[in-house]
Every structure is written in C-alpha cells, then in structure tokens.
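A.B. asks: need coordinates for the below:
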Amino acid sequence: MSARTHTPPHPASTGRADIRLPWWALALPTLAFITLLMLILDPADAHAATAEPAITQLFERIMQLITR
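C.D. replies: Now for the predicted structure:
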C-alpha cells in the first residue's frame, strides 16, 4: 500500500492583490475629472456654438434648389 505524499501548505496570503497599474491608468481619469470639474466651476469658459448646424444649412440648400 502506498503512502500519501504530503504537499507543503501554500504560504498565507497577505490579503492584498499584487496588481500593478501603468501610470496612465490613473493619470488619464484624473486629468479628465479635473478638466470636467474646471468646466463646472467656471462655466464662462464653456461657450456654446454660434454657427448654424450643418443639417440646417443642408436643408436650406435643398429648399433653394427645389424652389428654383
């Protein structure tokens, strides 16, 4: 009859994950958050577009071509 072999127990886990993130994985979301926060805090910098939308110009051009 063969005897069971004893395997050494696994070392105790330290309780934290051993994951390393690249620098940009934290830098890009932080930069986006700061940019959006600055737009909220100073809405004078966020200007609305004053030009007519392209679809409106297209419809006006179509109407001009039809009515000629």
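A.B. asks: switch to C-alpha atoms for all contacts and neighbour counts from now on
C.D. replies: Fine.
A.B. asks: which stretches of the chain form helices?
C.D. replies: Per DSSP state H, the chain has helices spanning 24-41, 54-67. These are given in chain order.
A.B. asks: among those, which gets the worst mean confidence?
C.D. replies: When those are compared on average pLDDT, helix 54-67 comes out lowest at a mean of 84.
A.B. asks: hmm, who's touching it?
C.D. replies: Taking contacts as CA atoms under 8 Å, 6 or more residues apart in numbering, no residue outside helix 54-67 touches it.
A.B. asks: now it: buried residues?
C.D. replies: Residues of helix 54-67 include none that count as buried (16 or more other CA atoms under 10 Å).
A.B. asks: send me that helix as PDB with only the CA atoms.
C.D. replies: This file holds the C-alpha atoms of helix 54-67, laid out as PDB (Å, rounded to 0.1, in the frame of the first residue of the first chain):
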ATOM      1  CA  ALA A  54     -24.700  71.700 -40.800                       C
ATOM      2  CA  ILE A  55     -28.000  69.900 -41.100                       C
ATOM      3  CA  THR A  56     -29.900  73.300 -41.100                       C
ATOM      4  CA  GLN A  57     -27.600  74.600 -43.900                       C
ATOM      5  CA  LEU A  58     -28.200  71.400 -45.900                       C
ATOM      6  CA  PHE A  59     -32.000  71.700 -45.600                       C
ATOM      7  CA  GLU A  60     -31.800  75.400 -46.700                       C
ATOM      8  CA  ARG A  61     -29.700  74.500 -49.700                       C
ATOM      9  CA  ILE A  62     -32.200  71.700 -50.700                       C
ATOM     10  CA  MET A  63     -35.100  74.100 -50.300                       C
ATOM     11  CA  GLN A  64     -33.300  76.700 -52.600                       C
ATOM     12  CA  LEU A  65     -32.700  74.000 -55.200                       C
ATOM     13  CA  ILE A  66     -36.300  72.800 -55.200                       C
ATOM     14  CA  THR A  67     -37.900  76.300 -55.400                       C
END
